[in-house]
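**Student:** Need the 3D shape of this:
(chains A, B, C and D)
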Number of protein chains: 4
Amino acid sequence: MNSNKEIGTIGVLTSGGDAPGMNAAIRAVVRTALSKGLKVKGIMHGYAGLLNEEFIDMGMRSVSEIIQRGGTVLYTARCLEFKEMAGVIKAHEICEKNGIDGLVVIGGDGSFRGAQDLSNVGTPCIGIPGTIDNDIACSEYTIGYDTAMNTVVEMVDKLRDTANSHSRCSVVEVMGRRAGHIALNTGIACGAAVILVPEQDFDPERDLLARIRYAQECGKHHFIVMVAEGVGKAEEIAQIIRDNTGIDTRKTVLGHVQRGGSPTLRDRVVATQMGYHAVELLTQNIGNRVVAMKNGEIVDYEINEALSMKKGIETKLLEIAHCISI
Amino acid sequence: MNSNKEIGTIGVLTSGGDAPGMNAAIRAVVRTALSKGLKVKGIMHGYAGLLNEEFIDMGMRSVSEIIQRGGTVLYTARCLEFKEMAGVIKAHEICEKNGIDGLVVIGGDGSFRGAQDLSNVGTPCIGIPGTIDNDIACSEYTIGYDTAMNTVVEMVDKLRDTANSHSRCSVVEVMGRRAGHIALNTGIACGAAVILVPEQDFDPERDLLARIRYAQECGKHHFIVMVAEGVGKAEEIAQIIRDNTGIDTRKTVLGHVQRGGSPTLRDRVVATQMGYHAVELLTQNIGNRVVAMKNGEIVDYEINEALSMKKGIETKLLEIAHCISI
Amino acid sequence: MNSNKEIGTIGVLTSGGDAPGMNAAIRAVVRTALSKGLKVKGIMHGYAGLLNEEFIDMGMRSVSEIIQRGGTVLYTARCLEFKEMAGVIKAHEICEKNGIDGLVVIGGDGSFRGAQDLSNVGTPCIGIPGTIDNDIACSEYTIGYDTAMNTVVEMVDKLRDTANSHSRCSVVEVMGRRAGHIALNTGIACGAAVILVPEQDFDPERDLLARIRYAQECGKHHFIVMVAEGVGKAEEIAQIIRDNTGIDTRKTVLGHVQRGGSPTLRDRVVATQMGYHAVELLTQNIGNRVVAMKNGEIVDYEINEALSMKKGIETKLLEIAHCISI
Amino acid sequence: MNSNKEIGTIGVLTSGGDAPGMNAAIRAVVRTALSKGLKVKGIMHGYAGLLNEEFIDMGMRSVSEIIQRGGTVLYTARCLEFKEMAGVIKAHEICEKNGIDGLVVIGGDGSFRGAQDLSNVGTPCIGIPGTIDNDIACSEYTIGYDTAMNTVVEMVDKLRDTANSHSRCSVVEVMGRRAGHIALNTGIACGAAVILVPEQDFDPERDLLARIRYAQECGKHHFIVMVAEGVGKAEEIAQIIRDNTGIDTRKTVLGHVQRGGSPTLRDRVVATQMGYHAVELLTQNIGNRVVAMKNGEIVDYEINEALSMKKGIETKLLEIAHCISI
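**Tutor:** Here you go, the predicted structure:
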């Protein structure tokens, strides 16, 4: 979307699940905008806060000491009202009333649909992909992904100590309802004997038991099984192993710990780049786009196009995992 | 126990659940013994390995690069055979046959009972308290306790990010079937609104809901509830909160992650002190004792006396927790 | 000191070098006082801020989300004016004018001298030992000590990787101008071949070179030498090693990194206990005392007595270190 | 290079400075080779060990429990002899004698020169870029880079606590003699007010003092200055700041701590991909190439071409840094 209006004030909000690095993105949006002569309003509690006019004027120091903090200082919340056209129009009117000429929305696909709707009724919006699952098709990378995976690796490294000392099997359930990126990459990094992702059919004999038996034959006496939550419950997988191999097997569900923590370098740097890029687009009167990473570069797509893209599991990486994780 | 035999070779084993710092204790036992002119045999897989004669000759370098590693390089395993007198006598005969004049047993109360039995039939044993739960009555401190608690704190600090961003309640289930030490101390350290320990009756209205409501009135909008596993399942506690307050509540079961990880300074130093003390006792022909911490000092008790002691929850600390955790 | 005045409002400040856990102590002071019906004023920038009347009214939520943060939210600064009696009297008058009936001072020996002076002219003060060096004689433990030591251990564990890979010697200079507690304890925890503390004379041949040669004979091929800054510069020690052994030797000065970081469980819990105890004393109209840890318990001493105490290095621990660190 | 000989046994060595993730690469090389039916010899101490025939037969379990460890289990060492053609020819003869048909060399540019020479005399070699500095021109990413940067970020986050509490300036010297990648990226991630890299001229007034003064005007009261070691000594930079601004300024030299530590997820995954790719090339009788990352994909270049490439500092990132780091 391209309007002739000059941008004077922008808003920024976080929406959907929180992710480490969202604060780094907020900080980059605020400071880039201020240094380009714009004003910035922070919008609390996502689209709900927009509809409730929960605004904070943001200055250079409003975003001090947040780059290293997990979560989002602007909070996030669900908003059913914004899923209706009436809510979107109301949001646009509120933006107009408050002089908000453009909006940066940090969140996932659902948040981008809202950003598209709002762009279409006249408030240009730029989406920034922020979700730990890396399940946004248009972008190779989403803010929070690297931190979440490193959290998994740290925790599984601890589990390994005890699994090893007792010659046990540890079934670890990680986030990823429809996407196995976390499971695949952390599985490789943790030396998992088995990695189960929702993008592939799961045959217990072929994909689980045969692999464990082979690893046993190779002399392995403790095992990590990494399971994306979309494949099944850790306890069910553990029971299959116990019933069929007799190996002492424990399950661990990592849960919401994966969402938090101080962001890694990569999440801080990419969030900063994406926040900067979003403001650059808005200052050029460009809206209705999503910032993304492609081949390691920061690019942008029309939201509609972005939402229609597909991203599969890295098959080469799966092949490598099967070859070396014994 | 006091024999006239001169000690020439000692054995060392780990038994029961593994705990971070066990390797530091093994290292101290081995190096202290060697520097006092003794020989050392490492016994694999606890008492089971003793009965199977799984011995390794330990030199100065056998314990290099292990002080920083979680778990136990000697592994640990259950051993039903050793619970019978026949097994104990067989173990003693194996020690005699292999020239093992004394034994250091790193583990919990169950392991000490075995050490007592073996001492009584003629192989002097010294117990070292190693368990993350701090549930060994004779000692203020058990190896692994500090690491486990710091692991909990690190994970709950991450949970806090996301609980805060969404104005949620997080119910965290930590280890402690009969002992609430981990829950109490980590609850204080994490600013938990509620701490539930098995040493106290649990009245949902008085101990849980009233506290959350009071914290809400004080302006708190996200809550950590720390629950020792002995009190009940995290999911059940979470459901009580949801049903009675309407607060969006998530449970996290930290599980075996608490057992692993590189030991903290405190676990490394105390394990080293205890390992040194255990060998000092054996070189004086003293057996049938448990090393312990009392008033911050390293002491020792007869195993029988140690097993008969009681240790309650720190009531002053509970009082402080109630006063400040709002 | 004991006055008849009833305490209605207390102040809290941090003074001297910052230490992790100071925020946990501030939080405990504020919440304990509020829950006992007192009012609390936070005083910024230590005694300087007291003289400048930099006060903040503290409520329950003023100390939210600070228990996990390093440094001090009240900041700290030097104050020459307060070293003169005129400054102390002025501070007392400011307290009276602002209705501050008692003061909690978190800091080191220098800060306690000020607290004593101020107590003597009529504003009862309680000191809480906060310094990473553990160099406050009256207390076994000072806030920040455990975090600083764990930071050292984490960093030296990283150094070990590279020292090991290259068969090198690493000389590590840690904090401690007059006290070797950090060097001794971290030296044990990191498996240092040599530990040098300011409490003991340093003979390069006897204390450094002979030990490294002996460790070499035992088959060790990489070495950690832990040096308290009070003993000498890391570079000088490294040069002695290079000149006399030919071992490739690198120095690392850990510096101010040791002062920061999220406090460990122990620092958070002890800081909470000490903060609680300080307020309990003030509510009983008791001033001119320092909170301390003795035999693992929280106690208090008259400031004068506290300042006259002496604390030496743990000689038993040094003996253990020499025995096992090969 | 392309020979007709069928590959039956490969060797693997690490050379130059160690880097976290080298063990993950070794593991991937060993397991990929074994699963493709090859035999693997581990070569200790780099090219020196090759000339001394320090070989270890590697099986599936030889590389167990190393993916999470920093440093290199094969050790590394300098080798002057291998810089002469006579040494290279001797190395080739040793390979022939021991049936080593191909070699994987994990290291930096210097190591690749050796790999090229050895390829040219008949032993096909594949280089894998392993160095924390990311200063290998042909590849966007080098093994160890992500871990080193996250180590810097963790340490500077600690420094920030204390710099903030005292309103100080911290000058942090990070690795990078000729390359500012670490300084630039960590500077952004740590919110540095100033970032100094060797790729740009350094004018103290323009690049340092003006920026600090501007940040001060914006209300910032504590400052991080990130300096690549190639620009100058931290102490000199600190002195310039002290002399010209009066701000209390401390320097920290992070040193070899940056080289160590358990590798991050990214270093483990990329190292695994690169190790796999290297073996794939050797099994196709392809040598004299370097594995690299380009646009996020794993590719390979002829060594000669790789060594002739140039890589500059990310100028867009520098621009972003200047815009937002206030």
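
**Student:** quick check: angle from the longest helix along chain A to helix B:145-166?
**Tutor:** Counting residues, the longest helix in chain A under DSSP state H turns out to be helix A:145-166. When axes from the mean of the first three to the mean of the last three CA atoms, to 10 degrees is applied, the directions of helix A:145-166 and helix B:145-166 differ by 150 degrees.

**Student:** which strand residues sit across from A:V291 in the sheet?
**Tutor:** A:D300 (DSSP bridges).

**Student:** does any part of the longest helix of chain A sit near chain C?
**Tutor:** No. Helix A:145-166 is not in contact with chain C by CB under 8 Å from any CB of the partner chain; minimum separation 12.6 Å. Any C-beta I mention is one placed from the backbone N, CA and C, and that applies to glycine too.

**Student:** just checking, what packs against that helix?
**Tutor:** Judged by 3 or more CB pairs under 8 Å, 6 or more residues apart in numbering or on different chains; DSSP states H and E, helix A:145-166 is in contact with strand A:169-174, helix A:181-189, strand A:223-228, strand A:249-253, helix A:265-283, helix B:145-166, helix D:265-283.

**Student:** Direction included, what does the shortest one pair against?
**Tutor:** Partner strands for strand A:249-253, per DSSP bridges, with pairing direction: strand A:169-174 (parallel).

**Student:** Can you pull the residues of chain A lying near chain B?
**Tutor:** A:14, A:17-18, A:20, A:69-72, A:75-77, A:151, A:155, A:157-167, A:170, A:250-253, A:255-261.

**Student:** got the residue ranges for the strands in chain A?
**Tutor:** A:9-14, A:39-43, A:55-58, A:102-107, A:125-129, A:169-174, A:194-196, A:223-228, A:249-253, A:289-294, A:297-302 (DSSP state E).

**Student:** residues in contact with the fourth one?
**Tutor:** The set of residues that contact strand A:102-107 without belonging to it, under CB atoms under 8 Å, 6 or more residues apart in numbering or on different chains, is A:7, A:10-16, A:22, A:25-26, A:29, A:43, A:46, A:72, A:76, A:95, A:111-112, A:114-115, A:118, A:123-128, A:130-131, A:143, A:275, A:278-279, A:282, A:287.

**Student:** returning to what we had before: CSV for the strands of chain A, including mean neighbour count?
**Tutor:** Compiled in CSV, the strands of chain A are given as follows (neighbours: other CB atoms under 10 Å in any protein chain shown):
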stretch, mean neighbour count
strand A:9-14, 27
strand A:39-43, 23
strand A:55-58, 16
strand A:102-107, 30
strand A:125-129, 32
strand A:169-174, 28
strand A:194-196, 25
strand A:223-228, 27
strand A:249-253, 21
strand A:289-294, 24
strand A:297-302, 17
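
**Student:** And for whichever residue of the stretch 201-326 of chain A sits closest to chain B, the neighbour number?
**Tutor:** Nearest residue of the stretch 201-326 of chain A to chain B, counting by CB to the nearest CB: A:G260, 3.2 Å away. Neighbours of A:G260 under the rule other CB atoms under 10 Å in any protein chain shown: 30.

**Student:** Please apply the same query to A:H221.
**Tutor:** Each residue near A:H221 was counted by other CB under 10 Å, and the total is 16.

**Student:** Read off the pLDDT value for A:K5.
**Tutor:** Model confidence at A:K5, given as pLDDT, is 64.

**Student:** The one 5 residues further on now?
**Tutor:** According to the prediction, A:I10 has pLDDT 98.

**Student:** How about it, nearest residue that isn't a chain neighbour?
**Tutor:** Using CB to CB, 6 or more residues apart in numbering or on different chains and skipping the chain neighbours, the partner closest in space to A:I10 is A:G102 (4.7 Å).
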